[in-house]
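Trainee: Give me a model of this one.
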Amino acid sequence: MTPEEFRAAGHALVDWIADHRERVPSLPVAAQVGPGEVRAALPEHPPTTAEPFESLLADLDRVVVPGITQTQHPGFYGWFPSNASLASVLGDIAAGGVGALGITWQSAPALTEVEQVVTDWLRDLCGMAPQWRGAIQDTASTACLVALLAARERASDGSEHRGGLQGFDAPLVVYTSPHAHSSVAKGALLAGYGADNLRYVAVDPVTYAMDPDALRSAMAADAAAGRVPAAVVAAVGTTGTTAMDPVRDVVEVAREHGAWVHVDAAMAGSAMLLPEMRHLFEGVDDADSLAWNPHKWMGTILDTSLLYVRDVDHLVSVMSTTPSYLRASTDDEVVQYKDWGIPLGRRFRALKLWFHLRLDGVEAIRERLRRDLANAQWLAEQVEAEPGWRVLAPVSLQTVCLRHEPAGLEGDALDAHTLAWVDAVNATGRAFLGASQLDGRWMVRVSIGAEPTERADVEALWDLLRDTVV
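Mentor: All right, here's what the predicted structure looks like:
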């Protein structure tokens, strides 16, 4: 493809994207295909000669769009927001267009230094202390793994440079909430701690936040048994209910054992952009690492996750390998992001944030977050006032956990009722909700935060829920 051919195709693609975003509200929210349907719509073998660009665009409409759950739809309330602001889409296009090779500072000085600037911008916008230094990872799952690797090496006095964990006698233990994201367990397993050394700490039965006293007891018991408390992952905005683990208290307990504290604020971290919400994050500046995803609620397109650490030298000592072919005379003067995470090659992800912040502006983003918080409170008030409906957990952010509880229905029958009506709602195509378990029973999560979702959309959802359970 020549630059001129690219120009014509690019204009057509941008027009298609703009048209698609305009028609998203008229599409069904949930994907409209069954298993294998997309694959069956594609040829078994690739084309041997070039195809016209128009046929590709036609297949986007025919094959791809029906096979996507429309997370940019005003009726999307599933999982957590997965926004892709058009401003950041432009940044993504620019990142692909410049084609930077992000392996060292020398390979793309702008990639490194723009990333330094935007991570500093967001640190300051979130009210975090200047000691924090940030890097962009792909997801909070990767950020959690990196943090647990750093914690492992601090607890084992740099065992990776000797015999690794195989040469370390005492088991290292990780602590987290049973409501934390599944990536915490995956990270602990991949980092070599082992399933036997992952502790799920009891939570407050009302707030579902980690109980610091239970954490203290668990860590003390492990230490007394000859195990080493190595890391605590505080879930700030748990996946199920957006419960906020008390970071200040968690850090205080962890410091009694020298354990690393990683704060997983993947979705909730966007709330730090709002000064009035920062009380929920009290104690964060005393943690060792923190991750949050602008690609969720804030709205920068995937994959844009921020990992901040306070001790960069320790992180680099854990993650760094520098073969001769990557050495340069500037190494002592610059940041080498290859030593701040797992991959060597990195995309120019910072352009997505740079475009998003510059083209949309911070205040517009903040006002949208405030809108979502207000809409969640409004919905919770409606649910609480309606006979037969119940809000099941405190609404600390933008997610409302609810259940319809008809008189006389309980146990497995209530579970069956819950799963049936949430499936019925999703089948309408007008909204998409997620079900999850809380205290052993099914509930429904309404996660408000899609970029186009306004109060009228939430009101329409509430009408739909009540109509569906009749």
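Trainee: who touches the top helix by length along the chain?
Mentor: Secondary structure of the chain per DSSP state H: the longest helix is helix 362-385. Residues from elsewhere that reach helix 362-385 (CB atoms under 8 Å, 6 or more residues apart in numbering): 81, 125, 270-271, 273-274, 277, 297-299, 357, 389-391, 395, 397-400, 402, 446, 448-449, 451, 453-455, 458, 461-462. No exception for glycine: its C-beta is placed from N, CA and C like everyone else's.
Trainee: quick one: which of those sit in strands?
Mentor: 389, 390, 391, 399, 400, 402, 446 (DSSP state E).
Trainee: Just the buried residues of those.
Mentor: By neighbour count, with 16 or more other CB atoms under 10 Å, the ones in strands among the contacts of helix 362-385 hold 389, 391, 399, 400, 402, 446 as buried.
Trainee: residue contacts, the second one?
Mentor: It refers to residue 391. 380, 383, 384, 400, 401, 402.
Trainee: Also residue 218?
Mentor: Counting by CB under 8 Å, 6+ apart, residue 218 touches 175, 199, 201.
Trainee: On the three-state scheme, it is what?
Mentor: The three-state assignment at residue 218 reads helix, by DSSP: H, G, I helix; E, B strand; the rest coil.
Trainee: One more: the one 3 residues further on?
Mentor: Going by three-state DSSP, the secondary structure assigned to residue 221 is helix.
Trainee: Neighbours of it, how many?
Mentor: Other residues within reach of residue 221, judged by other CB atoms under 10 Å, total 13.
Trainee: hmm, back to that, between the ones in strands among the contacts of helix 362-385, which sits nearest residue 137?
Mentor: residue 399 (23.4 Å; CB to CB).
Trainee: can I get the ones in strands among the contacts of helix 362-385 in a markdown table with distance to residue 113 and pLDDT?
Mentor: What follows is those, written out as a markdown table (distance: CB to CB, whole Å; pLDDT from 0 to 100):
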| residue | distance to residue 113 | pLDDT |
| --- | --- | --- |
| 389 | 52 | 98 |
| 390 | 51 | 97 |
| 391 | 47 | 98 |
| 399 | 36 | 98 |
| 400 | 42 | 98 |
| 402 | 46 | 98 |
| 446 | 41 | 98 |
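Trainee: The most centrally placed residue in the chain: which element?
Mentor: Nearest to the mean C-alpha position of the chain, counting by CA atoms, centre = their mean, stands residue 266 at 3.9 Å. Under DSSP states H and E, no helix or strand contains residue 266.
Trainee: Pretty sure it sits against residue 305.
Mentor: Yes. Using CB atoms under 8 Å, residue 266 is in contact with residue 305, at 7.3 Å.
Trainee: what do the two both touch?
Mentor: Joint contacts of residue 266 and residue 305 (CB under 8 Å, 6+ apart) are 140, 291, 292, 293.
Trainee: how near is the last one to residue 135?
Mentor: So that's residue 293. Going from residue 293 to residue 135 by CB to CB, to the nearest Å gives 14 Å.
Trainee: of the two, who's got more company?
Mentor: Neighbours of residue 293 and residue 135, each counted by other CB under 10 Å, are more numerous for residue 293; the result is 29 against 25.
Trainee: Looks like the more buried one contacts residue 141 (just checking).
Mentor: No. Between residue 293 and residue 141 there is no contact under CB under 8 Å: 10.0 Å.
Trainee: mind listing what's buried in the longest helix of the chain?
Mentor: Buried, per 16+ other CB under 10 Å, within helix 362-385: 365-366, 368-369, 371-373, 375-376, 378-380, 382-383.
Trainee: What distance do you get for residue 448 to residue 242?
Mentor: Counting by CB to CB, the gap from residue 448 to residue 242 is 11 Å.
Trainee: Mutual contacts of those two, please.
Mentor: Taking CB under 8 Å, 6+ apart as the criterion, residue 448 and residue 242 both touch 398, 399.
Trainee: Tell me which stretches of the stretch 151-300 of the chain form strands.
Mentor: Applying DSSP state E, counting those that start in this stretch to the stretch 151-300 of the chain gives strands spanning 172-176, 198-200, 228-235, 260-264, 289-292.
Trainee: quick one on the thing from earlier: just the contacts of residue 218 now: which is nearest residue 118?
Mentor: Nearest to residue 118 among the contacts of residue 218, counting by CB to CB, is residue 175 at 32.1 Å.
Trainee: OK, contacts around that closest one?
Mentor: Taking CB under 8 Å, 6+ apart as the test, what residue 175 contacts is 199, 201, 215, 218, 219, 229, 231, 232, 233, 259.
Trainee: Can you spell out which residues form a bridge with it?
Mentor: Note on residue 175: beta-bridge partners by DSSP bridges are residue 199, residue 232.
Trainee: Quick check: pLDDT value at it.
Mentor: Here the pLDDT value assigned to residue 175 is 98.
Trainee: what separates it from residue 371, distance-wise?
Mentor: Distance, residue 175 to residue 371, by CB to CB: 36 Å.
Trainee: Looking at the contacts of residue 175, which one is closest to residue 32?
Mentor: Among the contacts of residue 175, residue 233 lies closest to residue 32 (CB to CB), at 37.1 Å.
Trainee: what ranges of this structure fall below the confidence cut-off?
Mentor: For the chain, no stretch has pLDDT under 70.
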